[in-house]
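*Asks:* next come a sequence and a model predicted from it.
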Amino acid sequence: MTIKSTYSLDVGTVRTLEGLARRWNVSKSEALRRAIRNEAERQPSRTDARLRALRELQESVAARDVDLDVWERQAGEIRSASFRRLSDEPR
């Protein structure tokens, strides 16, 4: 299934598209589809970037031999103390 669309392209882009279509021996529409698909495959998705960041964080924590139970307890204590200070402030 195809959807007909209209786009405005500058002269240089049209010439490049025509060149790709000739080189690949396909229509300009097919050349445009291929170019879009190729670029989409090259670009990491946001999910990929987020998962990569999580893996890097996990590797960093493991490399520094962080005791996560101690870290969790300390973080909880800091949050609790901050919450108590905020609650005690006059409004």
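*Replies:* Looks like it arrived, so ask away.

*Asks:* can you list the low-confidence ranges for this structure?
*Replies:* 85-87, 89-91 (pLDDT under 70).

*Asks:* cutoff 80 now
*Replies:* Scanning the chain for pLDDT under 80 picks out 44-46, 83-91.

*Asks:* restricting to C-alpha, output the helix ranked longest in it in PDB.
*Replies:* Secondary structure of the chain per DSSP state H: the longest helix is helix 68-88. Presented in PDB, the C-alpha positions along helix 68-88 are these (Å, rounded to 0.1, in the frame of the first residue of the first chain):
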ATOM      1  CA  LEU A  68      23.900  -1.000  46.300                       C
ATOM      2  CA  ASP A  69      22.200  -2.000  49.600                       C
ATOM      3  CA  VAL A  70      24.300   0.600  51.500                       C
ATOM      4  CA  TRP A  71      23.800   3.200  48.700                       C
ATOM      5  CA  GLU A  72      20.000   2.600  48.800                       C
ATOM      6  CA  ARG A  73      19.900   3.100  52.600                       C
ATOM      7  CA  GLN A  74      22.000   6.200  52.400                       C
ATOM      8  CA  ALA A  75      19.900   7.700  49.600                       C
ATOM      9  CA  GLY A  76      16.700   7.000  51.600                       C
ATOM     10  CA  GLU A  77      18.100   8.700  54.700                       C
ATOM     11  CA  ILE A  78      19.100  11.800  52.600                       C
ATOM     12  CA  ARG A  79      15.600  11.900  51.100                       C
ATOM     13  CA  SER A  80      13.900  11.500  54.500                       C
ATOM     14  CA  ALA A  81      16.100  14.300  56.000                       C
ATOM     15  CA  SER A  82      15.300  16.600  53.100                       C
ATOM     16  CA  PHE A  83      11.600  16.000  53.400                       C
ATOM     17  CA  ARG A  84      11.700  16.600  57.200                       C
ATOM     18  CA  ARG A  85      13.500  20.000  56.600                       C
ATOM     19  CA  LEU A  86      11.000  21.000  53.900                       C
ATOM     20  CA  SER A  87       8.100  20.100  56.200                       C
ATOM     21  CA  ASP A  88       9.500  22.100  59.100                       C
END
